[in-house]
Each structure stands twice: as structure tokens, then as C-alpha cells.
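Student: Sequence unavailable; structure follows:
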Ligand SMILES: [Fe+2]
């Protein structure tokens with residue numbers, strides 16, 4: 001489906017209520033992310049999730065590189081990606097609205113938890129097919145700062161954090177479609193810590209939308 005078809009068919013209005021409130025307040029969320037590296041919290045209402053999925057189903061995905069890095073640092077992955085979002089993309093609506101959610105959460109805090117203003121400037125839609133590898137344990141690039149948000153739109157897979165590339169000490173972050181998985185990144189509460197993490201056991205086609213803050217090189 002083309003962008004124009006998605007946005008021009010009269011059904012383009014988002015639902016009135018986009019997000020569900022997590023049961024934790026912002027300080028509880030940040031404390032848990034600091035302790036546990038990653039947490040999953042409910043985020044998208046069923047209507048909003050369905051509205052976003054409509055666009056995801058028609059997105060022009062491309063195959064991502066199957067192997068990243070080499071030698072000891074080799075990471076295997078199997079996924080398709082899409083990041084060419086048009087001006088009317090529903091994922092721009094999600095980005096704007098979720099930015100506003102975090103702006104409102106952070107405004108009252110006397111201790112700002114990030115090294116710089118949290119700004120989601122990197123959007124990526126990914127799809128994983130059942131039975132595929134997922135991604136072997138790795139750290140994300142240092143250019144990704146503060147907080148990484150992965151919205152699980154649909155599907156099943158196992159996301160976990162671990163201590164090293166072998167997957168030692170793995171802890172599974174249980175989650176459901178509609179949840180957002182929040183993972184700490186360098187710049188979170190004065191630390192450069194980058195947790196190892198992985199995705200495996202894709203049992204149902206999995207659509208994930210990622211929001212990140214990419215540090216702009218000066
Ligand atoms: Fe990653």
C-alpha cells in the first residue's frame with residue numbers, strides 16, 4: 001500500500017486515546033531501568049496499535065544485513081527494516097506523541113535523568129519472521145543515547161538482557177504486543193553503561209517500532 005493510500009482514504013485519523021498509563025510513575029520506571037537495564041510497560045491502546053499496524057503491513061521493508069561486525073564481535077541478525085517514513089506517516093504521529101509523553105513526565109523532575117534533553121530523532125520499523133534468528137547478544141552503538149524505546153506492535157519473541165556476547169546471565173523481559181520495552185543507553189543517569197541484549201524464539205511474525213536518540217556529530 002502506498003503512503004497516499006494509507007493517508008488519503010479517510011481513515012487516517014488516529015484514535016482519540018493513543019496511550020495507556022503505565023502502573024509505575026516516572027521515578028519508579030527510571031529506578032527499575034537503572035537496576036534491570038530494560039523493562040516492558042504497557043503503552044499503546046488496542047485501537048492505536050491497530051492503526052499503526054495498518055501502515056506497518058504495507059511498508060516497503062528491505063532485508064537488513066545478516067551479519068554485523070566480525071570475529072569476537074560478530075552479531076547475527078535476521079530482519080527486515082523500514083525507515084523511509086513520509087511526512088504523513090502514522091509513525092511520525094507516534095514519535096511526536098510519545099515525545100510529548102516523556103516531555104511531560106520529565107518536566108517536574110528536579111534531577112533530569114539524561115545527559116542531554118531526551119529527543120527521539122531516530123525511527124525504525126522492523127519485522128522478524130517466525131523461526132528466524134532474531135539478533136544474537138550485542139550492545140547497541142554508542143551513538144544511541146539516554147533511552148531506547150521499542151514498541152511491540154504484533155508478534156511473539158523473547159527479548160532478554162545478558163552479561164556478555166555468549167548470553168551468560170540472561171534475563172528475559174516478558175512483554176506483550178502493545179508494550180514498549182525501555183532500555184537504558186549511555187547518558188542514562190550519568191553512566192555510559194550499554195547492556196548486552198538479544199532477541200530469539202520468534203514464534204509469530206513480529207513488528208517492532210524503535211525510537212532512539214542518535215547523537216548528532218558536530
Ligand atoms: Fe540492539
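Tutor: All right, it came through fine. Quick caveat, the model's predicted, so the values are computed rather than measured.

Student: Can you report how many residues neighbour the closest residue in space to residue 109 that isn't next to it in sequence?
Tutor: In space, and not counting its chain neighbours, residue 109 is closest to residue 26: 6.9 Å by CB to CB, 6 or more residues apart in numbering. To be clear about C-beta, it is placed using only N, CA and C from the backbone, and glycine gets the same treatment. Counted with other CB atoms under 10 Å, the neighbours of residue 26 add up to 17.

Student: I figured residue 26 hits residue 105, correct?
Tutor: Yes - the criterion here is CB atoms under 8 Å, and residue 26 meets it with residue 105 at 4.2 Å.

Student: Hmm, residue 32 is touching residue 24, no?
Tutor: Yes - using CB under 8 Å, residue 32 is in contact with residue 24, at 7.0 Å.

Student: The residue nearest to residue 77 when sequence neighbours are not counted: how many residues sit nearby?
Tutor: Residue nearest to residue 77 in three dimensions, not counting chain neighbours: residue 135, with 4.3 Å by CB to CB, 6+ apart. Neighbourhood size, residue 135 [other CB under 10 Å]: 21.

Student: try residue 68
Tutor: 14.

Student: What's opposite it in the beta bridge?
Tutor: residue 75 (DSSP bridges).

Student: Residue 207 now?
Tutor: According to DSSP bridges, the residues that bridge with residue 207 are residue 127, residue 154.

Student: doesn't residue 129 make contact with it?
Tutor: No - in this structure, residue 207 is not within contact of residue 129 by CB under 8 Å, at 10.8 Å.

Student: More neighbours: which of the two?
Tutor: Per other CB under 10 Å, whichever of residue 207 and residue 129 has more neighbours is residue 207, with 21 against 14.

Student: In contact with the spatially most central residue of the chain: list those residues for me.
Tutor: For the chain, the residue nearest the mean C-alpha position is residue 150 (1.5 Å; CA atoms, centre = their mean). Residue 150 sits next to 159, 180-181, 183, 208-211 when contact means CB atoms under 8 Å, 6 or more residues apart in numbering.

Student: so is residue 157 in a helix, a strand, or just coil?
Tutor: The three-state label given to residue 157 by DSSP: H, G, I helix; E, B strand; the rest coil is strand.

Student: ok, now which ones touch it?
Tutor: Counted by CB under 8 Å, 6+ apart, residue 157 has contacts 128, 134, 199-203, 206.

Student: one more time with 10 Å, if that's ok
Tutor: 128, 130, 132, 134-135, 175, 199-206, 208 (CB atoms under 10 Å, 6 or more residues apart in numbering).

Student: neighbours of residue 142, just the number please.
Tutor: 12.

Student: ditto for residue 210
Tutor: What residue 210 shows, counting by other CB under 10 Å, is a neighbour count of 21.

Student: So it lies in a strand, does it not?
Tutor: Yes - assessed with three-state DSSP, residue 210 lies in a strand.

Student: In the protein, what residue spans correspond to helices?
Tutor: Assignment of helices within the chain using DSSP state H yields the ranges 3-7, 26-36, 46-57, 90-106.

Student: Comparing the ones you listed, which stretch has the densest surroundings?
Tutor: Among those, helix 46-57 has the highest mean neighbour count (mean count of other CB atoms under 10 Å), at a mean of 18.
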